[in-house]
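**Q** No sequence on hand, only this structure:
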């Protein structure tokens, strides 16, 4: 029987998972497979899953079972499930998603080609209705994320500098799924960045479960500031370098200085704080208190003028009292984060927090999420109104929609933040032959108004030097 050649790929979850998806896609293409966006045309579907929260696991199982229905018409021959959910649940996943033909854990990402090949699991266990299984224990992941087939737009990409996490947050399942911290080599990171820029990328977002701890597993020293400076000086053609997933308790003066001093590093820091009340932070085991958090945030704002700060908070953590929630709510109102996301606490049974007493009801959690988001909405609208009349550079995101061109300024990260819409009809200050809608081009604009969370602007000039 001939082996299948047409493969469709579904990528779920976070940006870190997306990098795994892109690497697996690259491996499949190198092995001679044709990647199709049309699942109905595929002989094999690969589903890279997220297993972080109950909601993400439910979504993954629903998609797997929906895809499995297509086996009935005979064209779809094989379903390969990869990623965090597989690493978390292993063979037990087959009890709720019986249509699976192969399981690939996060430590066995590079076995995806073997998993797509029916019956190619040499030396592997083949149990549970002859399902091929590639499920290894923790070992240092391969540093090589090059040769990816990217599914982000051509002009931006994510660069993972580390895998796993050594933090012990009581609510988090990542260490049990992704394993301990493992940093890539500095030379490998620079080489990957150069490859991405050579492929048309002008904006790179550095990601990891905890980017601030980069290097600690190598020799006990933090190396993030060093990486920022190397990428800033050694990667020709890079426009913006963005720092994501910063952990507050290990944020250093050296990292702050690097963000402030490197011209390609945008003045933007994504620092998930999760809470501000000392009692909740202690139960979360965040290893930081309110006083230290506020001192750090004030230092960042003082030493990086104009910095955009993004964070996330968890509402309804076990034992969160009304007083602790009100403290968080007041903090969100007064500190004025440039961007803020809120998650309702998800009780994960395999975590210390999942076993805590005083679990809050879903109704209370949702009410608190809504209160926080309404408070942040007022903050976001106020900060956006302050932008009106200002001039700044933006990066074009796409083609015009109803006369407006989507773009982002340095304080707006891809996929998670708001947009700046350029009035495509305002061309009085642009040369007549200019293609303003060229995706990936930097354009200087003047903000004219606000639409919800988004900004509206008119172009001032094009082809500016690549600066933030």
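**A** Sure thing, it's come through. Just so we're clear, the structure is a prediction, and the values are computed from it rather than from any experiment.

**Q** Toward the C-terminus from the longest helix along the chain, list the very next helix or strand.
**A** The longest helix of the chain (DSSP state H) is helix 362-387. Where DSSP states H and E defines the elements, the next helix or strand beyond helix 362-387 is strand 391-396.

**Q** ok, then the element right after that next one?
**A** Toward the C-terminus from strand 391-396 - assigned by DSSP H and E - lies strand 404-409.

**Q** so what secondary structure elements neighbour that following strand?
**A** Packed against strand 404-409 by the contact rule (3 or more C-beta pairs under 8 Å, 6 or more residues apart in numbering; DSSP states H and E) you find strand 391-396, strand 420-423, strand 454-462. Any C-beta I mention is one placed from the backbone N, CA and C, and that applies to glycine too.

**Q** what about 7 Å?
**A** Counting contacts by 3 or more C-beta pairs under 7 Å, 6 or more residues apart in numbering; DSSP states H and E, strand 404-409 packs against strand 391-396, strand 420-423.

**Q** before we move on, back to that, show me what the longest helix of the chain is packed against.
**A** strand 308-315, helix 322-335, strand 339-344, strand 442-451.

**Q** Using a markdown table, please lay out these together with distance to residue 21 and mean neighbour count.
**A** Output for the helices and strands packed on helix 362-387, formatted as a markdown table (distance: least, C-beta to C-beta, whole Å; neighbours: other C-beta atoms under 10 Å):
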| stretch | distance to residue 21 | mean neighbour count |
| --- | --- | --- |
| strand 308-315 | 23 | 22 |
| helix 322-335 | 33 | 16 |
| strand 339-344 | 22 | 19 |
| strand 442-451 | 28 | 18 |
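
**Q** Nearest to residue 92, out of the ones you listed?
**A** strand 339-344 (25.8 Å; C-beta to C-beta).

**Q** Helices along the stretch 101-250 of the chain, start to end?
**A** Counting by DSSP state H, counting those that start in this stretch, the stretch 101-250 of the chain has helices at residues 112-116, 174-178, 186-198, 216-219, 224-234.

**Q** need these in JSON lines with mean pLDDT, mean neighbour count and distance to residue 65, can you?
**A** Shown next, in JSON lines, are the helices of the stretch 101-250 of the chain (pLDDT from 0 to 100; neighbours: other C-beta atoms under 10 Å; distance: least, C-beta to C-beta, whole Å):
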{"stretch": "helix 112-116", "mean pLDDT": "93", "mean neighbour count": "23", "distance to residue 65": "19"}
{"stretch": "helix 174-178", "mean pLDDT": "88", "mean neighbour count": "20", "distance to residue 65": "22"}
{"stretch": "helix 186-198", "mean pLDDT": "96", "mean neighbour count": "18", "distance to residue 65": "35"}
{"stretch": "helix 216-219", "mean pLDDT": "86", "mean neighbour count": "14", "distance to residue 65": "38"}
{"stretch": "helix 224-234", "mean pLDDT": "97", "mean neighbour count": "20", "distance to residue 65": "41"}
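
**Q** Out of those helices, which gets nearest to residue 100?
**A** Checking the helices of the stretch 101-250 of the chain against residue 100 by C-beta to C-beta gives helix 112-116 as the closest, at 10.5 Å.

**Q** other SSEs contacting the closest one?
**A** For helix 112-116, the packing partners by 3+ C-beta pairs under 7 Å, 6+ apart come out as helix 15-30, strand 44-49, strand 78-83, strand 102-104.

**Q** could you give the mean pLDDT of the shortest one?
**A** When you say that, I think you mean strand 102-104. Per-region confidence: strand 102-104 scores 93 on mean pLDDT.

**Q** Same question for the longest one.
**A** Along helix 15-30, the predicted confidence averages to a pLDDT of 93.

**Q** Show me the contact partners of it.
**A** Residues from elsewhere that reach helix 15-30, judged by C-beta atoms under 7 Å, 6 or more residues apart in numbering: 7, 9, 11, 35, 46, 48, 50, 82-84, 109-110, 112-113, 116, 145, 147-151, 158, 160, 207, 209.

**Q** Give me the neighbour count for the residue nearest to residue 398 when sequence neighbours are not counted.
**A** Once flanking residues are discounted, residue 398 sits nearest to residue 406: 4.7 Å by C-beta to C-beta, 6 or more residues apart in numbering. Around residue 406 there are 19 other residues, counting by other C-beta atoms under 10 Å.

**Q** From residue 439, how far out is residue 406?
**A** To residue 439, residue 406 is 9 Å away according to C-beta to C-beta, to the nearest Å.

**Q** What of residue 418?
**A** In terms of C-beta to C-beta, residue 418 sits 18 Å off from residue 439.

**Q** now residue 274
**A** Residue 274 is 35 Å from residue 439, by C-beta to C-beta.

**Q** quick revisit: can you tell which of the helices of the stretch 101-250 of the chain is closest to residue 96?
**A** Nearest of the helices of the stretch 101-250 of the chain to residue 96, taken as C-beta to C-beta: helix 174-178 at 17.9 Å.

**Q** Other residues contacting the closest one?
**A** 51-52, 84, 87-88, 106, 163-165, 209, 350.

**Q** Done for today, thanks.
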